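Undergrad: Build me a structure from this.
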Amino acid sequence: MPRPRLDHVRKAQILSAAAEVLSERGYANSRVVDIANTAGTSPAAILYWFDGKDGLLAEALRLREQEFHDRYTVKAEHKSTASEKLRVLVEAMLYHYDWKLWMELCVLALRDKSAAAERDRMDRRWRAQLRSVVREGQSSGEFAASDPEDTMFVLAALLDGLAPLLALKAKGVTRDRVERVFLAEASRLLGPGFDASPLKRTR
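TA: Here you go, the predicted model:
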């Protein structure tokens, strides 16, 4: 089989198209040809770069996660207090993160070792961000003293459990309600130094 012409195709272009299609249609209902059409290329070009949909999904989410990290982690780091940093991360996870794509990766991770490793890497990175902010707030006296590992674990579990319900459009689950519940629980865990006022949603 002749090698497909790739001079007009960029890998990042395909990954962006894959993330769009997979997030919109789900893994089971997405075809390589659908991704090729969105990327403006051919299925042969996609198969040249990737080992089918499994590889595409993992790498597409890696790209989205890196873009997310670059934007919101840097934004959080420029804030002056731990409370402000945590609020930036929470707003990003509730209003800007692609939870549909994340859930697709989690399902794939049940049967694919490379996807499982990628899911674990992303999860550890997210938890490390939370842990760092909690420790910073405790060191400065902004947050109440506690086991930072346990506090991080509860905060992460709240977001990891509630945010996907928004993506699923579960009955009775709204963004306002999830935000309110999370901020109240974070305030209980972190103390009065944490700003639990409604988030200022940004783009």
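
Undergrad: Please state the backbone phi and psi of Ala145?
TA: phi -70, psi 140 (degrees, to the nearest 10).

Undergrad: repeat for Thr81
TA: Dihedral angles for Thr81 - degrees, to the nearest 10 - are phi -120, psi 160.

Undergrad: Run a quick check on it versus Glu142, I expect a contact.
TA: Yes - with contact defined as C-beta atoms under 8 Å, Thr81 and Glu142 form a contacting pair (6.2 Å). Backbone N, C-alpha and C define where each C-beta goes, glycine included.

Undergrad: So the chain: which segments form each domain?
TA: 1-50, 61-190 (automatic domain parsing).

Undergrad: so how far is the shortest one from its chain's centroid?
TA: What that stands for is domain 1-50. 22 Å (C-alpha atoms, centre = their mean, to the nearest Å).

Undergrad: The last one now?
TA: With C-alpha atoms, centre = their mean as the basis, the distance from the averaged C-alpha position of domain 61-190 to the chain average is 8 Å.

Undergrad: That domain spans what distance, first to last residue?
TA: In domain 61-190, first residue to last residue: 31 Å (C-alpha to C-alpha, to the nearest Å).

Undergrad: ok, back up a step: show me which of Thr81 and Glu142 is the more surrounded one.
TA: Using other C-beta atoms under 10 Å as the criterion, Thr81 and Glu142 rank with Glu142 on top: 19 against 16.

Undergrad: Tell me, please, the helix or strand in this structure that averages the lowest pLDDT.
TA: Across the helices and strands of the chain, mean pLDDT, DSSP states H and E gives its lowest value to helix 52-68, namely a mean of 79.

Undergrad: who touches that one?
TA: Helix 52-68 is touched from outside by 12, 14-16, 18-19, 22, 27, 30, 32, 35, 46, 50, 92, 96-98, 101-102, 104-105, 108, 112, 114-115, 118, 122, 125, with contacts defined as C-beta atoms under 8 Å, 6 or more residues apart in numbering.

Undergrad: Check which residues of that helix are buried.
TA: Within helix 52-68, the residues scored as buried using 16 or more other C-beta atoms under 10 Å are 53, 55-65, 68.
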